[in-house]
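Novice: Quick one, fold the following:
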Amino acid sequence: MKLLFSGISSWIAFILFCTTTVMSQSSYDLRSPDNRVEIRIRTAGRVKYDVLYKGNVLLQDCTLSLNVDHQVLGVSLKVASAKKSSHDQIEVPVVRQKFSKVRDRYNELRLTMDGGYAVVFRAYNEGAAYRFETSFPQSQVKIYGEESVFNFTRDSIAYYPQEDSFFSHNERKYLPQHLSEIAPEFLGSLPAVVDIEGGAKVAIAESDVEDYPGLWLRGTGGAGLTATFEPYPLKTKLERDRDLRVIEAADYIALTSGTRSFPWRVMGIAEHDGDLITNQILWLLQKPSQFQDTSWIKPGKVAWDWCNDWNIDSVDFKAGINTQTYKYYIDFAAKYHLPYIILDEGWYKLGNVLEVVPDLNMEELAAYAKEKNVGLILWLVWNSFDDKMLAAFDQYEKWGIKGLKIDFMQRNDQLLIDYYYKVCKEAAKRHMLVDFHGAQRPATMTRTWPNLINTEGVRGMEWSKWSADAEPEHNVTLPFTRMFLGPLDYTPGAMRNATKSTFAALNHQPMALGTRCHQLAMYVVFEGPLQMLADTPSNYLREPEAMEFLSAVPTEWDETKVLDAKIADYVLVARRNGRDWYVGAMGNWTARDLDVDLSFLPDGNFTMDAYQDGINADHNASDYKKTSNQVSKASKMKIHLAPGGGWAARIHP
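Specialist: Below you'll find the predicted structure:
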């Protein structure tokens, strides 16, 4: 009996020792499936974490907390349980932005705290993320603030989209500056891409935002960035028909459910610049599609009216916002197998989205478009549409409208995030696509709402109508910055191409900085499942050789390979759709040669139709040359990019 009792006592002591050890543990380690990304978490006093890549510390002593009804979560805490898990599954995107299949693979650590909440960390091969989860009994709580501080280990260069205020279209330039130069008052949208010299690039962003305001950033005055959020709106004032400004706000940022998961705070990690283009961590962290039948979602190209100011010629009618002009656009779209045209600003009486202007017969136009197998997409000011949303949806459904382009939100507070969800949900019921302009945040919602087919929040080509800001260096920065969030409606396709010395900002007959091939390459480099042809149909009809490429190039991709890339300098990308490969190269204002290795091709011989900068493209930006050659996976070539240049190719059996 004495020996038995002694054995039981020892076993109980061992269990108590293990329990005490687990309960007293205050540090945890989480690694990505490939072991390259490591998150070191500490819970003594408050939650802190470090992020390492291949053993190098990228971020250190980062802090987080959440103020719920004046109870601050993440500080003065006690860990009730710590649970690790792993996930590995192949996802098939409804809309193939980069790949036809995406591997969703991560390791997770869930720290459940006393007090009804948890902090969940995930380590992907593509980066690190965390979020809060709460299980409070209240049906509604107020979030008074959220702390998220990203402390880097050195004063690195950041490509930071600095903003003037929360009221913004989020169409910023991503200009490099040291983290220490970003003062606390310097507000920024997303993502901030930090170049850690000799280490990696880290993109700060968010994912799965619902019933909550969007994340913004501020500087710390040191080697860090910190989160900030728009307060909850209480009173707004309408200026003109579209600028709905917040004039009174609450002292909290969200009014939401007591039991919920909060948005992911994300640090995408790229060893090479080009890895930012193929990194899908934000898409993976989004909720899956919110509706089952997605067979009706048809990506494709769009003929756009507003940017080219309805400038058509060689017709016997007055061009403008009228039935005859849009029939011309429909005929052009049908000729080149473009599935859509857009009716932008001016088709309805501003302020009333149900009142069509007198010169436009929508029933006649809709019938003509249906006959030609071309879909109509309607532009709308967001708040005017919100005023009559259900009645408008019903009317547009009767017309057979295929999509909506909604504009001028200029906010990302909780009410606007809710609006994005509401529009996508109602549009899906009626099998309509959505293209949000006037804000950036919907770019991170395209998996949850696959009918959300494209988004703006980007300084795109329309800026050429009034400035020289949409220029080649900016253009070759976007794939590594803004495009990290999701698809971008840059609206490419200019046929009036200009050098620095020949450019002029012309609203009525716009041109674009950079070469013709720079524009063609955008259709391969920039991801936009609903991709615009922004120039006038009359100009395209005068360019049948360029239209051979623009008619054929798809807007979805089964495979993406970055062949060479350097942020703000150049990008060289190959993408596959079915059996066809497309290659696009874009450069900044420095002329350069790039090597193109076609070893990604399968076995066999292919025809490559290539568009290259002409020998005189340095002073005549429209100069280009088309060539056709036989190639195989053994083929290698050197291509030349003029200043602001580009190169585009279709490789097909």
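Novice: Would you map the strands across the stretch 451-600 of the chain?
Specialist: Using DSSP state E, counting those that start in this stretch, the strands of the stretch 451-600 of the chain run over residues 452-455, 497-498, 512-513, 530-533, 559-566, 570-577, 580-587, 592-597.
Novice: same deal with the stretch 151-300 of the chain?
Specialist: Under DSSP E, counting those that start in this stretch, the stretch 151-300 of the chain gives strands at 157-160, 175-178, 187-188, 192-195, 201-207, 215-219, 224-229, 233-239, 243-249, 254-256, 259-261, 264-270, 300-303.
Novice: Please name whichever of those is nearest to W589.
Specialist: Between W589 and the strands of the stretch 151-300 of the chain, the tightest spacing by Cβ to Cβ is seen for strand 175-178, at 15.3 Å. The way it works is simple: take the backbone N, C-alpha and C, and place the C-beta from them, glycine included.
Novice: Contact partners for the spatially most central residue of the chain?
Specialist: By Cα atoms, centre = their mean, the chain has its centre lying nearest to G486, at 2.2 Å. With contact set as Cβ atoms under 8 Å, 6 or more residues apart in numbering, G486 has these partners: Q97, L282, W283, A443, T444, M445, T446, T455, E527.
Novice: Include neighbour count and distance to R575 when you put those into JSON lines, please.
Specialist: Listed next are the contacts of G486 as JSON lines, based on neighbours: other Cβ atoms under 10 Å; distance: Cβ to Cβ, whole Å:
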{"residue": "Q97", "neighbour count": "23", "distance to R575": "10"}
{"residue": "L282", "neighbour count": "27", "distance to R575": "19"}
{"residue": "W283", "neighbour count": "22", "distance to R575": "16"}
{"residue": "A443", "neighbour count": "26", "distance to R575": "19"}
{"residue": "T444", "neighbour count": "28", "distance to R575": "22"}
{"residue": "M445", "neighbour count": "26", "distance to R575": "23"}
{"residue": "T446", "neighbour count": "27", "distance to R575": "18"}
{"residue": "T455", "neighbour count": "29", "distance to R575": "20"}
{"residue": "E527", "neighbour count": "23", "distance to R575": "9"}
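Novice: and the closest residue in space to the residue nearest to the centre of the chain that isn't next to it in sequence, what is it in contact with?
Specialist: In this structure, G486 finds its nearest non-sequential neighbour in A443, 3.5 Å apart by Cβ to Cβ, 6 or more residues apart in numbering. Counting by Cβ under 8 Å, 6+ apart, A443 touches T455, G457, R482, L485, G486, P487, L488.
Novice: just P487 next, same as before
Specialist: So P487 contacts Q97, A443, T446, I453, N454, T455, E527, G528, P529 (Cβ under 8 Å, 6+ apart).
Novice: Can I take it that the residue nearest to G486 is in a strand?
Specialist: No. Counting by DSSP: H, G, I helix; E, B strand; the rest coil, A443 is not part of a strand but helix.
Novice: pLDDT score for it?
Specialist: In this model, A443 is scored at 98, pLDDT.
Novice: Going forward, count from 4.
Specialist: Taking 4 as the first residue, the last one we looked at is A446.
Novice: how near is it to F102?
Specialist: Look at A446 and F102: by Cβ to Cβ, to the nearest Å, they are 18 Å apart.
Novice: who touches the helix or strand encompassing L379?
Specialist: Using DSSP states H and E, the secondary-structure element containing L379 is strand 378-384. Here strand 378-384 makes contact (Cβ under 8 Å, 6+ apart) with 244-245, 301, 305, 309, 342-348, 350-351, 353, 356, 368-369, 372, 395, 399, 402-411, 436, 438.
Novice: so of these, which ones are in strands?
Specialist: The strands, defined by DSSP state E, take in V305, Y343, I344, I345, L346, G406, L407, K408, I409, D410, L436, D438 from these.
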